[in-house]
Structures are given as C-alpha cells and as structure tokens.
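J.: only geometry, no sequence info:
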C-alpha cells in the first residue's frame, strides 16, 4: 500500500536533470541519465567526494575516486588531480585512468610533471602516457617527446611515441620522426 512505501527526498535539480535526460533523444541520453541516477544513489556531490579523498581508509578514498571519475565532469578533474598524489598506488592509478577518460586538458600539466619525477614507477608512467594520449592536448607534445628522448626504458619510450600519435597534429608528428 502507498502508506507503507518508504519515502525519501530527491533534490529538485536531480529530478529536473532526470526529466531532461528522459526527453533527450540522442544515443548518449542513457549515459546522462545514468550519471544523474549515480549521483542520486551515492547521495554525495563533488565537494563530498573530494573530502573523502582525505579519509584515512584507502577503500573510502578509492570509492571517492570512482565517484569522481564516473561523474566525469570538469569539476571532478581538480579532486582527481589531488588523488594522483595519494599514498595508495591503487588510488593514484585509478585517478590517472579517470583523468584520461575524462579527457580534460586541465590535467596535462600535472600528469606531464609526474613523468619526470624520480619516484614515478614504470606502471604509473605507462598509465600517465595512456591518459595523456586520451586527453589529446597539444600542450603535452613537448614534454612527452622530451620524455621519449630521455627515458632509457624501451617500453616507456614506445608508450610515449604512441601517446604522441594519439595526441596528433603536426608538432606531434615532427616529434615522432626521429624515432622512425
């Protein structure tokens, strides 16, 4: 009966977004609707997820990274960049992966700087190169090309060359030529 059904409040803004997604007649409408429903189900917003990145429990931090990554908006990029400095490698790697998936050039500078840090291990560098290739920011060409020249690791050099190909453009193609 309706009297025994549980009730809960949903912010009006989410209801409006859900209605918009339901009426939106393109192939990506379900992705938009999923993101709205995901935010409702998690009961949090970007500020709350950002706060959870500083929780002492790595599982909570990992969940926050997942929430931010699945949100996929420009507002989630800054907190994800903060997560790239996490003490737990799983949190760092997941944040890097989501930054690549989001594709925001806001992440380029921080990610390219990580390539040159001594404490960045091979797995992290590989993921950073993949992320930079997905972001396709022309500002990454010079640092990625410099990394390809300076690294002694053949796999990372190949990853850097591949990232340059993904970034594309004349500058990237010029940077790849010496390796041909």
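T.: Noted; the coordinates are in hand. Fair warning: this is a prediction, and the values are worked out from it, not measured in the lab.

J.: give me the below-cutoff pLDDT ranges for this structure.
T.: 1-11, 13-14, 17-18, 20-21, 24-25, 29, 32, 35-44 (pLDDT under 70).

J.: now with 80, please.
T.: 1-44 (pLDDT under 80).

J.: just the element for the spatially most central residue of it, please.
T.: In the chain, the centroid-proximal residue (C-alpha atoms, centre = their mean) is residue 99; its distance is 1.8 Å. Counting by DSSP states H and E, the secondary-structure element that holds residue 99 is helix 89-102.

J.: repeat that for residue 85.
T.: Going by DSSP H and E, residue 85 is not in any helix or strand.

J.: after the helix holding residue 99, which helix or strand is next?
T.: Using DSSP H and E, the first helix or strand after helix 89-102 is helix 108-115.

J.: hang on, isn't the residue nearest to the centre of the chain packed against residue 82?
T.: No - look at residue 99 against residue 82 with C-beta atoms under 8 Å: they stay out of range, at 11.2 Å. In short, each C-beta sits where N, CA and C put it, glycine included.

J.: dump the residue contacts of the closest residue to residue 156 other than its chain neighbours.
T.: Distances taken as C-beta to C-beta, 6 or more residues apart in numbering place residue 125 nearest to residue 156, at 5.4 Å, with adjacent residues excluded. Counting by C-beta atoms under 8 Å, 6 or more residues apart in numbering, residue 125 touches 114-115, 153, 156, 159.

J.: would you list these in JSON lines and tack on distance to residue 34 and neighbour count?
T.: Formatted as JSON lines, the contacts of residue 125 follow (distance: C-beta to C-beta, whole Å; neighbours: other C-beta atoms under 10 Å):
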{"residue": "114", "distance to residue 34": "30", "neighbour count": "19"}
{"residue": "115", "distance to residue 34": "33", "neighbour count": "23"}
{"residue": "153", "distance to residue 34": "38", "neighbour count": "12"}
{"residue": "156", "distance to residue 34": "35", "neighbour count": "19"}
{"residue": "159", "distance to residue 34": "31", "neighbour count": "24"}
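
J.: just the helices in this structure please.
T.: 12-23, 29-42, 46-52, 58-71, 77-83, 89-102, 108-115, 122-135, 141-150, 154-167, 170-176 (DSSP state H).

J.: ok, so what distance separates the residue lying closest to residue 168 once chain neighbours are set aside from residue 162?
T.: Leaving aside its sequence neighbours, residue 168 sits nearest to residue 136 (C-beta to C-beta, 6+ apart; 6.6 Å). Taking C-beta to C-beta, to the nearest Å as the measure, residue 136 falls 13 Å from residue 162.

J.: ok, now residue 88?
T.: 27 Å.
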